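Colleague: pasting the structure only:
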């Protein structure tokens, strides 16, 4: 009983901030400003803020760019991480120890922001979509997780495939990846969420507003208060009120898509994370 009560309290504490933002985004701006205390339902239902948000051209540009970054970036992430994990998990591969040391070393020490920026500049990647994809092509942590999972696959499966004439590519795509689908689902979630929330790379490497991801557009609206272009049709006396609900509506618009994706991958989550963590 005590555990159930504790978990219920944790659920409420965790869920309420999201509900507050949702209810505030659906509230009448004037009623919301006058409200005091907990917000348990919208105060005067209104969709005006969502209408203004979707009329903002930067929201649609940010959405399209973010979807491109998520799809292309995640596909590249999974491909390169699978190749590297497969190669490093095979027995008999030379210099695996030094290579793994070099890979793990990058988790503790990096080149720093300025050298990385200069490297991106010399490669001609500044102000291009590739600046949002290539620098994060492989996550060291995800590579280690995938390598551990591949190493747990019985060697007999690989040997039988080789007897039948399969090469490494066929073994990877026909045996290793299908056997490791829960882990691949988790990798898709990890990489996809990372691309969806990508903000710092865009802030550093992008100047062209047409390349901005949704998170950078969200930053402009929430932090720099760049909502004037969204309120051209709002009366001057109402702009201060509507500005707050626009921020809440923008947060919901940017958050809901990734929240809708999670339930479809949640059933793989625990199994995928635990895959390869227990040695027999």
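Modeller: Here it is on my side, so go on. Quick caveat: nothing in here was measured; it's all calculated off a predicted structure.
Colleague: Does residue 205 touch residue 133 like I think?
Modeller: No - applying Cβ atoms under 8 Å as the test, residue 205 and residue 133 come out as separate, 10.8 Å apart. Any C-beta I mention is one placed from the backbone N, CA and C, and that applies to glycine too.
Colleague: Once you drop chain neighbours, what's closest to residue 210?
Modeller: Spatial nearest neighbour of residue 210, chain neighbours left out: residue 61 (6.2 Å); criterion: Cβ to Cβ, 6 or more residues apart in numbering.
Colleague: Can you give me every residue that contacts that neighbour?
Modeller: By Cβ atoms under 8 Å, 6 or more residues apart in numbering, the residues touching residue 61 are 209-210, 212, 217.
Colleague: Point out the ones among those residues that are inside helices.
Modeller: residue 217 (DSSP state H).
Colleague: Any stretches of the chain with poor pLDDT?
Modeller: 1, 222-242, 264-280 (pLDDT under 70).
Colleague: so which helix or strand takes in the residue sitting nearest the centre point of it?
Modeller: Among the residues of the chain, the one closest to the centroid is residue 193, at 1.5 Å (Cα atoms, centre = their mean). Following DSSP states H and E, one finds residue 193 within helix 181-196.
Colleague: roughly how far out does that helix sit from the chain middle?
Modeller: Centroid separation for helix 181-196 versus its chain: 8 Å, with Cα atoms, centre = their mean, to the nearest Å.
Colleague: counting contacts, what elements does that helix pack onto?
Modeller: helix 57-89, helix 140-151, helix 236-274 (3 or more Cβ pairs under 8 Å, 6 or more residues apart in numbering; DSSP states H and E).
Colleague: can you tell me which of those comes nearest to residue 33?
Modeller: helix 236-274 (5.8 Å; Cβ to Cβ).
Colleague: before we move on, back to that, so which of the helices and strands packed on helix 181-196 comes closest to residue 113?
Modeller: That would be helix 140-151 among these, by Cβ to Cβ, at 17.9 Å.
Colleague: The helix or strand following that closest one: which residues count as buried?
Modeller: The helix or strand immediately downstream of helix 140-151 is helix 155-163, counting by DSSP H and E. Within helix 155-163, the residues that qualify as buried are 158, 161, counting by 16 or more other Cβ atoms under 10 Å.
Colleague: now swap in stretch 31-42 and tell me
Modeller: 32, 39, 42.
Colleague: was I right about the last one contacting residue 23?
Modeller: Same thing as residue 42. Yes - with contact defined as Cβ under 8 Å, residue 42 counts as touching residue 23 (4.9 Å).
Colleague: Packing partners of the helix or strand where residue 3 lies?
Modeller: Following DSSP H and E, one finds residue 3 within helix 2-25. Judged by 3+ Cβ pairs under 8 Å, 6+ apart, the packing partners of helix 2-25 are helix 236-274.
Colleague: Now do the contacts for residue 117.
Modeller: Taking Cβ under 8 Å, 6+ apart as the test, what residue 117 contacts is 204-205.
Colleague: make it 7 Å
Modeller: residue 204 (Cβ atoms under 7 Å, 6 or more residues apart in numbering).
Colleague: Quick check: chain neighbours aside, which residue is closest to residue 42?
Modeller: Closest to residue 42 by Cβ to Cβ, 6+ apart is residue 26, at 4.1 Å.
Colleague: re the thing from before, just send the helices and strands packed on helix 181-196 back as a markdown table, with distance to residue 95 too.
Modeller: Below are those laid out as a markdown table (distance: least, Cβ to Cβ, whole Å):
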| stretch | distance to residue 95 |
| --- | --- |
| helix 57-89 | 10 |
| helix 140-151 | 15 |
| helix 236-274 | 29 |
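Colleague: Excluding chain neighbours, what is closest to residue 174?
Modeller: residue 166 (7.0 Å).
Colleague: Which of the three states applies to the one you found?
Modeller: coil (DSSP: H, G, I helix; E, B strand; the rest coil).
Colleague: Could you number the chain from 621 rather than 1 from now on?
Modeller: Done: numbering now begins at 621, and the last item shifts to residue 786.
Colleague: That one: neighbour count?
Modeller: 16 (other Cβ atoms under 10 Å).
Colleague: Same check on the one 5 residues further on?
Modeller: Other residues near residue 791 come to 20 when the count uses other Cβ under 10 Å.
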